[in-house]
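>>> here is a sequence together with a model predicted from it:
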Amino acid sequence: MNHGTTHQHDVIIIGGGGAGLRAAIAIAEENPSFSVACVSKVYPMRSHTVTAEGGAAAVIKDNDSLEDHIYDTISGADWLADQDAVEYFVNRAPPEMVQLEHWGCPWSRMPDGSVAVRPFGGMKIERTWFAADKTGFHMLHSLFQTTLKYGNIVRYDEHFASKLLLDDAGNCRGCAAIELRTGTVRAILGKSVIICTGGAGKAFPFTTNGAIKTGDGMAMAYRAGVALKDMEFIQYHPTGLPGTGILITEASRGEGGILVNKDGYRYLQDYDLGEALDVGDPRHPQKRAMELGPRDKLSQCFIKEKNAGRTIRTKDGDAVHLDLRHLGAAKIDKRIPFVRELARSYAGIDPVHQPIPVRPVVHYVMGGIDVDSNSATGIPGLYAAGECACVSINGANRLGSNSLTELLVFGAQAGTHAARFAMDRPDYDVSGLEAQAADEGERIRRDYFSMRTRSGSERIAVIRKELHDAMEDGAGIYRDAESLDAACNKIAELRERYAKITLDDQSNCFNTELTAALELASLLDVAQAMAHSAMERTESRGSHQRLDHPDRNDDDFLAHSLAFRAEDGGAPRIEYRPVTITRWPPGKRTYGADSGLKRPADAAAANDDTAASGETR
Amino acid sequence: MSGQYHRPHRWAWWTERPGYLRFMIRELTSVFMAGYLVVFVMTLASVGGGEAAFAEWIAALGSPAWMAAHVVALIAAVWHAVTFFGAVPQAMPVFLGERRLPGPVAQIVMGYGPWLTVSAVIVWWVVR
Amino acid sequence: MSNNGKITLEIFRYHPETDTEPRFQSYEVPYDEDWVVLDAINWIKDHIDGTVTHRWSCRMGVCGSCGMMVNGEPKLTCAAFLKDYHPRAVKVEPLVNFPVERDLVVSMDGFMDKLDAVKPYIIRDDVNDTSEGEYLQSPAELARYKQFSMCINCMLCYAACPVVGHEEEFLGPAALALGHRYNKDSRDQGQSERMEVMLSDEAMWGCTFVGECSVVCPKHVDPAGAIQQAKAMGAQEYFKGFVMPRGAGG
Amino acid sequence: MSAGSGTGPGGGGPARRSGEAFWWALFSAGGVMAALFVPAFVIVTGFLLPAGDAAVASERAAAFAEAVGWWPVKVALLGVITLSFFHCMHRVRHLLMDVGLRRYAGALKLPCYGAALAASVWAAWVLLGI
Ligand SMILES: Cc1cc2nc3c(=O)[nH]c(=O)nc-3n(C[C@H](O)[C@H](O)[C@H](O)COP(=O)(O)OP(=O)(O)OC[C@H]3O[C@@H](n4cnc5c(N)ncnc54)[C@H](O)[C@@H]3O)c2cc1C
Ligand code: SF4
Ligand code: F3S
Ligand code: FES
């Protein structure tokens, strides 16, 4: 590794996705004299926020209420969400979304020029803002382009952060990052740090997540001593393309698409998700019912259908059909054109004429870096926001379209708090941090470029594959003690074998084999936390379904799991912290006919709204 | 470190893609059109030179060589018109509410239609 | 695997620490008709040669990082199917018109500067508070610029445009389309500020409407159309400049 | 007529407004003119006037001479011809730039636009003489 250089700023943001960019703008706007560094392993517009399709939830219409968004979120989370955080989130969502509109995001519109909203899974009313079905793409590009307005945002594009730097007093003061172009390990220093590195779906083989979603930030925080919270909760999205795992957005069901099994039967009606209204019925699609049930339930229904032998066999495994044909070409092209484009190119299917084969696919990590409702971790000066963080508003199951909003709300919040911290505690010792960064460079040289590693015997691809298999087999939609135990053991074995890894590429310039190795190390840490947290939670809740403990157990587990990394890399220590319950006592999670609507008049009202917003249908 | 690699300049870039060649041909129509415009002004000049001069000039234009030159000029001028009007929907999109006027319609209304009308009037004027 | 055959990839190799000239290296990979060119490159990196260097992430044609020359055509390698080339060999090179960092990775510095240059953000004299709600924008107003907002910054159009290769000052198709996108946004009031940049010598006028940028664009942005429209707006702006002193027009 | 120099009126922004906008406007208008009129002109001078027997020819020639002798037509013709010349020479200039003379972009203005201007002046003089 090349000798390092030192760069000093006020606040350091690791990650240039939606959360990172929102944080950067928050700081740049409020503190024009501050220098904000945005460190990202890819150019910001490549960040995975770009792939989000369906939309972002925020209460804006008169027929909606903050209270309902809160309730939907909490019940969707199977009561594992912290209610104070959810309230803050729901209250801040509308101004944040309007702010993004002011920054130029091309939201789809109603004829009167106001933003249009669509229904989404688990939401009792349509409140999901969208930009056709490229919502994340438009949000990310709007944010990125807006950052160009601020001279005080300094980007470190294609810099791979590998370690957090803490001063002697234990404050987080920056990171060591490898500049990909040269291989230089830089000390990028500031008075506070925000991690916005996104999710870790790449711990699994079959995922909607891109190559970069390897949980690096989670692993960095975990190694620095911060707990990873609720890591056992992995969201499977019910509708991915078999083979590639490419996502077919929930918006396709929000627009009226239906799921059928091999007999053409809408199987969801058999699983307490409500009545299968005719697709021509003006009440279809019904909110919080059937195809608009929550993702955890829909994915679980798929497995049950599969076990009953009623799924469709394809060359890429079992699938069900997502049928959009009744929507017609005009609506599909206007509201979900990307779905048509993706299905055509990657499945050879035109949804206007044929149903799309789909199956559940790993999509989102509800858990993440343990932060409080100010986005602060236990380490002073270290904050986290976006998918890498766990506040928690998503609990045991995130509702679709809440996370794009989350990264705005908490990105901005983390920015504000990190800036405040930077003002309060400005002084730190540069040389000590520089020395740590130099040590990190030395560690990388030793671990990946020494004679020993050159003669190593393990290949990245092999270990990664075995990790994938272990996670899929052991920690999938349904788990039990035995499967999880196998996964934990396998991960332990892989961690040992990782030490013998060898790299073909021993050069400095743009060494993507080195970054792949570092990413694999992150995944091993994160997967370990996932498997062990899942092992310890002997109940079923939301996306965590234990065959050996099928019921929810509020007495023991209305609590967040906290995985602390063991010094020697062995099994993490798991602790629990009670969920913050304010006004919404845990209840039964109901969808369908009795869909958790609290006021009897609501069902009728919701249907009237559907008819009224004719244009959005 | 020897740094980034810069690929050599490609002077014959216009041979590399069919689209580039089409572009070249389109641009070259302007050379032929300019040449023709000179001939056209000479024709006007011969009108100014009196009836005899004009008749003589027209007789000369009847020669096979001049005919051939006119054929080339016609092809160039028509190709120019076709490519120019072909670009109308791209360069001048017309919206009716949120719908864009379909390309062929825009081409006819804002290009081919007026073109044929103007051409017909000119031809009619001379042959009537 | 749906086919037991093989397919050959010829990959452009260049390493700045050891090479002065690029070379091609051939790899044989399993042929699967569902695979895209990117899958084949990843397979090589995972199983044959870890030194092959390229960029990618989403594998669904939206992050814009995997653009390369595939048999001489600028393509998103995650949307270029092997079955369209099999059984012939596939030649993969970095995008032309950009300096090569290493193998299939090109330098994006110039491109990023050009995006920055067109001031791609909403500029307004009067900024509403978020409590006043969204700026209204009718579906018709949205339609005026929507197409130009679909750019994924994949830079294929820069590889397809001959002017990009010859004229450094030329901002290029994607950046100009982006500038035009904001000029056409009913919420924006920054047109004259943006035009100041676009009107300079070869920034926009270097474009001779070759049109290949729009042919290769995977997202149908039609940068060629955007530029011609921008030129017409620019010409108006230019003549307006003679009549009205700047600033008066907002 | 050199709009090619200096900043635009009231400019003063960081970037230099070039006269390219001016030349492009001429080019663009000329493109429309050339597309609308030139093919018909070619048909007239190349095929209609020289063709046919003597009687027809002289009748057509008379119609042509009469038409171009009319003042409004003269003015219109001057417009079409001038703009078309500028269109063509603008394209020639950019063509030369695109095939490698880019560094002479400025220098090429004189011969190209100069030729167009000269041809236009000639056309004006010819039309005046009819
Ligand atoms: C296909 C798909 C569709 C989705 N659709 C929706 C939807 O419709 N609605 C919704 O609400 N949510 C949706 N989601 C979820 C949502 O998109 C993500 O949760 C969210 O975008 C995450 O944003 P982020 O800013 O936290 O992370 P990302 O956008 O993933 O950004 C992470 C950033 O961190 C950087 N980074 C990571 N590691 C390092 C490192 N080691 N060093 C330096 N930088 C690093 C990356 O370069 C990147 O810039 C979807 C997700 C997927 C995968
Ligand atoms: S305009 Fe098209 S080709 Fe060019 S960068 Fe954008 S998406 Fe890619
Ligand atoms: S290819 Fe180039 S020349 Fe113009 S129309 Fe496109 S930018
Ligand atoms: S990998 Fe994202 S566009 Fe190809």
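Sure thing, it's come through. Ligands and ions are numbered 1, 2, ... in the order given.

>>> enumerate the residues of chain C near chain B.
Contacts of chain C with chain B, taken as CB under 8 Å from any CB of the partner chain, map to C:14, C:16-17, C:19-22, C:72, C:96, C:99-101, C:107, C:138-140, C:142-144, C:160, C:162, C:165-166, C:208-212, C:214-215, C:222, C:224-225, C:228-229, C:232. All C-beta spots, glycine's among them, are computed from the backbone N, C-alpha and C.

>>> just the buried members of these?
Among the residues of chain C next to chain B, those classed as buried by 16 or more other CB atoms under 10 Å in any protein chain shown are C:14, C:16, C:96, C:100-101, C:107, C:138-140, C:142-144, C:160, C:162, C:165-166, C:208-212, C:214-215, C:222, C:224-225, C:228-229, C:232.

>>> out of the residues you listed, list just those in strands.
Counted as lying in strands by DSSP state E, out of these, are C:100-101.

>>> the helices in chain C, which residues?
Using DSSP state H, the helices assigned to chain C run over residues C:37-43, C:109-117, C:139-146, C:156-160, C:162-166, C:173-183, C:191-198, C:201-205, C:212-216, C:223-243.

>>> check which helices and strands the third one sits against.
Using 3 or more CB pairs under 8 Å, 6 or more residues apart in numbering or on different chains; DSSP states H and E as the contact test, the elements touching helix C:139-146 are strand B:95-96, helix C:173-183.

>>> can you say which of the ones you listed is nearest to ligand 1?
Across the helices and strands packed on helix C:139-146, ligand 1 has its closest neighbour in helix C:173-183 (20.0 Å, CB to the nearest ligand atom).

>>> for B:T43, grab phi and psi.
The phi and psi values for B:T43, taken as degrees, to the nearest 10, are phi -60, psi -40.

>>> one step back: mind putting the helices of chain C into CSV with distance to D:L101 and mean pLDDT?
Formatted as CSV, the helices of chain C follow (distance: least, CB to CB, whole Å; pLDDT from 0 to 100):
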stretch, distance to D:L101, mean pLDDT
helix C:37-43, 37, 98
helix C:109-117, 23, 97
helix C:139-146, 36, 97
helix C:156-160, 22, 98
helix C:162-166, 10, 93
helix C:173-183, 22, 98
helix C:191-198, 24, 92
helix C:201-205, 13, 89
helix C:212-216, 21, 98
helix C:223-243, 22, 90
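
>>> got CSV for these, with distance to ligand 4 too?
CSV is the format used below for these (distance: least, CB to the nearest ligand atom, whole Å):
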stretch, distance to ligand 4
helix C:37-43, 6
helix C:109-117, 15
helix C:139-146, 20
helix C:156-160, 10
helix C:162-166, 20
helix C:173-183, 14
helix C:191-198, 27
helix C:201-205, 27
helix C:212-216, 14
helix C:223-243, 17
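
>>> A:Y591 is nearest to which of those?
For the helices of chain C, proximity to A:Y591 was assessed by CB to CB; helix C:139-146 is nearest, at 32.8 Å.

>>> does that closest one reach ligand 2?
No. Helix C:139-146 is not in contact with ligand 2 by CB under 6 Å from any ligand atom; minimum separation 13.7 Å.

>>> export that helix to CSV, keeping only CA atoms.
Below are the C-alpha coordinates for helix C:139-146, written out as CSV (Å, rounded to 0.1, in the frame of the first residue of the first chain):
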residue,chain,number,x,y,z
PRO,C,139,-48.2,16.4,-15.7
ALA,C,140,-47.8,18.4,-18.9
GLU,C,141,-45.0,20.5,-17.4
LEU,C,142,-43.4,17.3,-16.1
ALA,C,143,-43.5,15.8,-19.5
ARG,C,144,-41.5,18.7,-20.9
TYR,C,145,-38.3,17.6,-19.2
LYS,C,146,-39.0,14.0,-17.9
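
>>> averaged pLDDT, stretch A:398-407. What do you get?
Average pLDDT, stretch A:398-407: 97.

>>> same check on stretch A:484-497?
For stretch A:484-497, the mean per-residue pLDDT is 97.

>>> local confidence estimate at residue 95?
No chain specified, so I'll use chain A. So A:P95 comes in at 98 (pLDDT).

>>> if you could check chain D rather than the one you did, that'd help
95.

>>> skip the chain neighbours and tell me the closest residue to the residue of chain D found nearest ligand 4.
Nearest residue of chain D to ligand 4, counting by CB to the nearest ligand atom: D:D98, 30.1 Å away. Nearest residue to D:D98, sequence neighbours excluded (CB to CB, 6 or more residues apart in numbering or on different chains): C:T208, at 5.9 Å.

>>> endpoints of stretch A:329-347, how far apart?
Using CA to CA, to the nearest Å, the end-to-end distance of stretch A:329-347 comes out at 18 Å.

>>> contacts made by that stretch with the rest, please.
With CB atoms under 8 Å, 6 or more residues apart in numbering or on different chains as the test, stretch A:329-347 has contacts from A:53, A:108, A:118, A:132-134, A:241, A:243-244, A:246, A:248-249, A:251-252, A:255, A:324, A:349-352, A:356-357, C:60-61, C:79.

>>> returning to what we had before: can you put the helices and strands packed on helix C:139-146 in TSV and add distance to A:A176 and mean neighbour count?
Formatted as TSV, these follow (distance: least, CB to CB, whole Å; neighbours: other CB atoms under 10 Å in any protein chain shown):
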stretch	distance to A:A176	mean neighbour count
strand B:95-96	53	10
helix C:173-183	33	28
